[in-house]
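Colleague: For reference, the sequence and a predicted model appear below.
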Amino acid sequence: MMIDWTPYFICLATISAFGLAGWFVSLMRNNVTHVDSMWSLFFVIAALTCYYLTKESNLRGQVVLVLVIIWALRLFVYLTWRNWGPHEDHRYVQIRQNNEPHFWLKSIYIIFGLQAVLAWLISMSLFGSINSGTPINLLDYLGIFLVILGFFWETIGDLQLTRFKSNPNNKGKVLNTGLWRYSRHPNYFGEFCIWWGLYFISMAAGAWWTLISPILMTVLLLKVSGVSLLESTIIERRPLYADYIKNTNAFLPWRPKR
């Protein structure tokens, strides 16, 4: 069966337009941190675009749309609340310093354009799921289970971290209880489950070729903007983290070594 790629390429246009709007906001604020909040909304835009441009509605498409919206809104609210304020996140301060002069102009592709393109590539599995009339099958249920597991794992991890940080007695300490006892980044593991779950739904629709989506997300979580980036400076800020690294898995949950 021939695949109509038109909805997927229109997704690139709608996502890019949203990214451009975010760039204009950054010029007014002199701050690009809000791109973190925009990240999950890129996927809502992609899913909605694909859904409304498909020739016929189907149950799988409706399920994927609901799952993506719930995941995205939760993450959007959490990151917006966490980053609220006039100060730019330290990661973006460093990027700004490394790309002066004229970072205000370079940020259109270094920050907003790059994230829009990455979101578009990762959203391929959403397109593969929605743009199919294949009946629901066992892989769909496996994928839905993984998405739900990942959603709750990520949400609980974020709640535990927020509660820990809100206690002034924990300043300088390392969270090593709850889900954080079994891996150093349970929130990233939850995200990993979500995107592999969405891929299984896409594969159930016959779109096995969307494998780039979970692989790219996994690389981002482990090697680019996730574990590697966070842990590159955290020991300087929290010396106790070195001992935490020795005893706790970075990503996959497992029993601590002691």
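Modeller: Great, that's in hand. The shown structure was predicted, so the numbers you read here are calculated from the model rather than taken from an experiment.
Colleague: and the worst-scoring helix or strand of the chain on mean pLDDT, what other elements does it pack with?
Modeller: Least confident helix or strand, the chain: helix 234-237 with a mean of 73, by mean pLDDT, DSSP states H and E. Where contact means 3 or more CB pairs under 8 Å, 6 or more residues apart in numbering; DSSP states H and E, helix 234-237 is packed against helix 241-247. Just so you know, the C-beta spots here come from the backbone N, C-alpha and C atoms, and that holds for glycine as well.
Colleague: what's the average pLDDT for the helix it packs on?
Modeller: Helix 241-247 carries an average pLDDT of 87.
Colleague: Also stretch 195-215?
Modeller: Here stretch 195-215 scores 96 as its mean pLDDT.
Colleague: Stretch 41-55 too?
Modeller: 93.
Colleague: which residues are contacting it?
Modeller: Under the criterion CB atoms under 8 Å, 6 or more residues apart in numbering, residues 4, 6-8, 10-11, 14-15, 18-19, 57, 61-62, 64-65, 68-69, 72-73, 76, 115-116, 119-120, 122-123, 126-127, 130-131 lie in contact with stretch 41-55.
Colleague: Could you rerun that using 6 Å?
Modeller: 7, 10-11, 14-15, 18, 61, 65, 68-69, 72, 76, 119, 123, 126-127, 130-131 (CB atoms under 6 Å, 6 or more residues apart in numbering).
Colleague: and stretch 41-49, how far from the chain's centre?
Modeller: 13 Å (CA atoms, centre = their mean, to the nearest Å).
Colleague: what comes up buried for that stretch?
Modeller: Within stretch 41-49, the residues scored as buried using 16 or more other CB atoms under 10 Å are 41-49.
Colleague: Kindly report the same for stretch 144-159.
Modeller: Going by neighbour count (16+ other CB under 10 Å), the buried part of stretch 144-159 is 144, 146-148, 150-151, 153-155, 157-158.
Colleague: how about a markdown table for the residues you listed, with secondary structure added?
Modeller: Shown next, in a markdown table, are those (DSSP: H, G, I helix; E, B strand; the rest coil):
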| residue | secondary structure |
| --- | --- |
| I144 | helix |
| L146 | helix |
| V147 | helix |
| I148 | helix |
| G150 | helix |
| F151 | helix |
| W153 | helix |
| E154 | helix |
| T155 | helix |
| G157 | helix |
| D158 | helix |
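Colleague: Can you tell me which of the residues you listed is closest to A250?
Modeller: Checking the buried residues of stretch 144-159 against A250 by CB to CB gives G157 as the nearest, at 13.8 Å.
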